[in-house]
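Peer 1: Below is the sequence, then the predicted model.
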Amino acid sequence: ADDYFMSFRLDGGISWDDFSDSELELIRNDLVTLPGIGEYSVLEALADRSTTDPEWVVRLLQERIEFAEGLDSLREYDALPYSWDKGLGIRDTPALLTCLSGVLAWIAENLDSWSRRKMGADLFRAVAVEYDSQVLDLLGRRLASGMENSIRAVAAVLHEAPRTLIWDQPDFVRIALHAADKLGDDVRQQMMGALWSATISGVRSGTPGEPFPETIEQRDRSRAIAKDLPAGSIERRFYADMAKSAERDVQREIEDDLPSDGRSW
């Protein structure tokens with residue numbers, strides 16, 4: 001596949017415009033069953049097509065996730081690339097919000113599927129690129145619908161939100177928590193877990209004997225927001241819990257780097 005799509009990169013080589021609709025359908029069907037699509041030339045070809053036919057590329061990626069749902073094991077099949085070295089270009093097209101809405105609705109159709117929730121969130125992030133005001137407005141409209149499946153789909157994609165979202169967008173966090181809380185404990189826990197997971201995701205590094213800078217940020221920024229929120233509110237409890245968790249992590253990270261004298265006690 002990488003050799004095939006390498007011809008798309010050559011001057012005077014093949015382009016997407018050279019194929020009929022039926023031929024494009026055959027190409028997409030072959031791409032669905034391909035064990036992986038992470039090779040450079042494949043990603044570049046898909047990125048190029050995403051700027052002219054975003055829906056085609058999104059549907060391909062959805063079909064790959066659906067294909068993964070039917071497999072007994074994912075050890076030899078990667079539905080999505082491990083990393084988008086050549087990112088999709090959908091953000092710069094008029095179809096951005098339409099594609100994101102479609103991904104949310106598609107996740108909501110099968111929330112019992114772990115693959116769809118997890119990989120659907122990865123797909124949403126790849127299309128959105130960033131969770132800016134237009135993306136958050138879209139998520140906010142889904143939250144305002146009050147529909148459980150829609151709100152759980154929002155929780156799913158928030159797993160892949162930027163690490164600093166809860167501090168950069170506290171109003172959105174408040175809306176998300178209250179929308180989930182109206183649907184009961186399970187949905188509220190899903191929303192909290194999603195926001196929590198996004199915040200603590202990623203690799204951390206720092207100076208030996210000192211807590212990670214990200215942990216300090218979690219403690220201090222969460223404390224600062226919590227103190228200005230209404231006492232007893234769900235959002236205040238959320239931020240207070242984030243701060244307390246970070247405080248425990250700070251102590252653990254310091255203790256984990258203390259020198260040992262060889263004794264087990």
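Peer 2: Everything's here; your move. Here the structure is a predicted model, which means the values were calculated and not measured.
Peer 1: For residue 214, which non-adjacent residue is closest in space?
Peer 2: residue 204 (5.1 Å; CB to CB, 6 or more residues apart in numbering). Bear in mind the C-beta positions are built from the backbone N, C-alpha and C, glycine included.
Peer 1: Then residue 6?
Peer 2: residue 41 (4.3 Å).
Peer 1: which SS state does the one you found fall under?
Peer 2: Three-state assignment for residue 41 (DSSP: H, G, I helix; E, B strand; the rest coil): helix.
Peer 1: on that earlier part again, you'd agree the residue nearest to residue 214 is up against residue 215?
Peer 2: Yes - using CB atoms under 8 Å, residue 204 is in contact with residue 215, at 7.3 Å.
Peer 1: Which one of these two is surrounded by more residues?
Peer 2: Neighbours were counted for residue 204 and for residue 215 using other CB atoms under 10 Å; residue 215 has more, 21 against 13.
Peer 1: how far away is the closest residue to residue 88 other than its chain neighbours from residue 126?
Peer 2: Closest residue to residue 88 apart from its sequence neighbours, by CB to CB, 6+ apart: residue 50 at 4.4 Å. In this view, residue 50 and residue 126 are 10 Å apart by CB to CB, to the nearest Å.
Peer 1: list residues touching both of those two?
Peer 2: residue 88 (CB atoms under 8 Å, 6 or more residues apart in numbering).
Peer 1: okay, those two: which has more neighbours?
Peer 2: Higher neighbour count among residue 50 and residue 126: residue 50, with 27 against 22, using other CB under 10 Å.
Peer 1: ok, the more buried one touching residue 90?
Peer 2: Yes - taking contacts as CB under 8 Å, residue 50 lies within contact range of residue 90: 5.1 Å.
Peer 1: Overlap of the contact sets of these two?
Peer 2: Both residue 50 and residue 90 are in contact with residue 57, where contact means CB under 8 Å, 6+ apart.
Peer 1: Number of residues surrounding residue 100?
Peer 2: Residue 100 has 22 neighbours, counted by other CB under 10 Å.
Peer 1: Just the buried positions in the helix or strand hosting it, please.
Peer 2: Taking DSSP states H and E as the definition, one finds residue 100 inside helix 96-109. Within helix 96-109, the residues scored as buried using 16 or more other CB atoms under 10 Å are 96, 99, 100, 102, 103, 104, 106, 107, 108.
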